[in-house]
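Enquirer: sequence first, then the predicted structure, then my questions.
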Amino acid sequence: MQYLKKEIRDRILAAAVEEFKAQGFADASIRNIADNAEISLGNIYRYYVNKEDLYFAIIKPFMESVRNFVDNEFSFTNRTMKELSEMLIAFIMQYNNELLIIYKGNSIHHDTFMQYITDVMASKIKELVQGVFPEIDSKIENPDFYTAIAEGFLTSFFKILSNGDPKEVQERKARELITFYFGHMKDRFQHFDVD
């Protein structure tokens with residue numbers, strides 16, 4: 001009997017992932033999720049209180065993984081840019097569905113996540129650039145410098161994820177994007193002078 005409950009919960013979550021990816025949070029339909037999971041509408045409410053509860057059943061573990069990845073794994077210490085790039089790509093491909101669900105969230109959850117991920121990226125970009133060019137902050141007057149780079153990268157990155165390309169194509173495009181934004185930092189700032 002316990003197996004049956006897990007099987008139903010798994011079917012609901014799988015159907016919800018597809019519905020949220022296709023429709024975003026606001027336009028997702030619990031009825032469509034029930035139909036695609038091949039269960040009754042009422043049965044969903046035995047497992048999840050409402051659409052938001054179902055949404056967070058998908059997103060909450062992902063957010064915990066993001067925080068763990070950022071806090072414990074994504075560090076520039078003793079790692080090459082290529083190693084970090086491959087770590088980031090592997091993480092992105094593992095959580096591709098969740099990223100798209102949040103990106104298409106058309107809700108407050110989208111805004112909260114995007115602010116969080118932008119702040120995290122800006123902080124990591126600052127760490128990377130200062131490691132290569134320690135005097136950068138004495139040269140840059142724009143207080144939004146790192147945030148602007150993070151927003152540009154994330155906009156481009158979500159465009160890659162939204163195209164629906166096969167995984168291998170998305171990985172290649174992500175590598176190209178990472179190389180463009182973060183490759184050859186020493187060369188980029190070697191002759192930096194805004195005066």
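Expert: Arrived safely.

Enquirer: if I look at the closest residue to residue 183 other than its chain neighbours, how far off is residue 59?
Expert: Nearest non-adjacent residue to residue 183, counting by CB to CB, 6 or more residues apart in numbering: residue 81, 6.7 Å away. No exception for glycine: its C-beta is placed from N, CA and C like everyone else's. From residue 81 over to residue 59 the distance is 30 Å, taken as CB to CB, to the nearest Å.

Enquirer: so those two - more neighbours on which side?
Expert: Neighbour count, other CB atoms under 10 Å: between residue 81 and residue 59, residue 59 has more, with 19 against 16.

Enquirer: quick one: secondary structure of the more buried one?
Expert: Secondary structure assignment for residue 59 (DSSP: H, G, I helix; E, B strand; the rest coil): helix.

Enquirer: pretty sure it sits against residue 100.
Expert: No. Residue 59 lies out of contact with residue 100 (CB atoms under 8 Å); the separation is 11.4 Å.

Enquirer: contact partners for the residue nearest to residue 183?
Expert: 182-183, 185 (CB atoms under 8 Å, 6 or more residues apart in numbering).

Enquirer: by neighbours, which of the residues you listed wins?
Expert: With neighbours taken as other CB under 10 Å, the top of the contacts of residue 81 is residue 182, carrying 20 neighbours.

Enquirer: I'd like the distance between it and residue 142.
Expert: 18 Å.

Enquirer: for residue 169, same thing?
Expert: Going from residue 169 to residue 142 by CB to CB gives 34 Å.
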